[in-house]
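J.: Here is the input, now give the coordinates:
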Amino acid sequence: MAVKEHPVTDADVEAVCKLLRAGTPRKTIFADARYPSRSHFTKALATRDDWQALVNDADREYLITLAEELVAIADDTSKDTLTRADGSVYPNTEWISRSKLRVETRLKLLSKLWPEKFGDKVEVKGTVTLGQLLAAVPVVRDPLDDKQDSDDQRTH
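T.: Numbers count the residues shown, from 1 in each chain. Presented below is the predicted three-dimensional model:
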């Protein structure tokens, strides 16, 4: 038998938004019995534009935080090297690789969730008439085309 869910309230939306801003994954939030299920919450959002706007703002704030983390991770050199017993320093390749993975993962996530800001796709919008397009394309003559050469000789 399915569990009957209580109606989503303003307090539920505010609590979920607070967790989203903090970077708590949706899977974790909606697995918690104190909050409505993900599907129930999503359906409730569809009924209220103000709730949807609050969640969108929380998501955007999280993405900004994620972008700031990219810089912090890249700038953190505190564990990039290790020191041997003899005092010689060597690179901590595990830490460096993990940092690279953390940056790449966040960047990939940002590119999917906020493509306008972090996506790779460059989109150029505009209109061009056929006449403009034809005027921009140079006419190229085939030097092996004898008919073209004979036509040119007759006109001159």
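J.: Can you tell me which residue sits nearest the middle of the chain?
T.: Among the residues of the chain, the one closest to the centroid is Ser111, at 1.9 Å (C-alpha atoms, centre = their mean).
J.: Look up the pLDDT of that residue for me, please.
T.: At Ser111, the pLDDT value in this model is 91.
J.: Can you show me the helices along this protein?
T.: Ranges of helices in the chain, per DSSP state H, are 10-21, 26-31, 38-45, 49-75, 93-113, 115-118, 130-136, 146-155.
J.: Next, format those as CSV and append distance to Leu82.
T.: Placement of C-beta: from N, CA and C, glycine included. Shown next, in CSV, are the helices of the chain (distance: least, C-beta to C-beta, whole Å):
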stretch, distance to Leu82
helix 10-21, 36
helix 26-31, 34
helix 38-45, 43
helix 49-75, 19
helix 93-113, 8
helix 115-118, 33
helix 130-136, 59
helix 146-155, 72
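J.: and those, which one is worst for confidence?
T.: helix 146-155 (a mean of 56).
J.: these two touch, right, the residue nearest to the centre of the chain and Gly119?
T.: Yes. Counting by C-beta atoms under 8 Å, Ser111 touches Gly119, with 4.9 Å between them.
J.: Please name the residues that touch the closest residue to Asp76 other than its chain neighbours.
T.: Closest residue to Asp76 apart from its sequence neighbours, by C-beta to C-beta, 6 or more residues apart in numbering: Ser99 at 7.1 Å. By C-beta atoms under 8 Å, 6 or more residues apart in numbering, the contact list for Ser99 reads Ile73, Ala74, Asp76.
J.: and the last one, how far is that from Asn92?
T.: For Asp76, the distance to Asn92 (C-beta to C-beta, to the nearest Å) stands at 12 Å.
J.: neighbour count winner among those two?
T.: More crowded of Asp76 and Asn92, by other C-beta atoms under 10 Å: Asn92, with 16 against 12.
J.: Without its sequence neighbours, what residue ends up closest to that one?
T.: Leaving aside its sequence neighbours, Asn92 sits nearest to Leu82 (C-beta to C-beta, 6+ apart; 4.8 Å).
J.: ok, Glu104 - how many residues close by?
T.: Glu104: 11 neighbours (other C-beta under 10 Å).
J.: ok now do it, which residues does it touch?
T.: Shown in contact with Glu104 (C-beta under 8 Å, 6+ apart): no residues.
J.: where does the residue nearest to Ala74 when sequence neighbours are not counted sit relative to Gly23, distance-wise?
T.: Spatial nearest neighbour of Ala74, excluding adjacent residues (C-beta to C-beta, 6+ apart): Val103 at 5.8 Å. Using C-beta to C-beta, one gets 16 Å for the distance from Val103 to Gly23.
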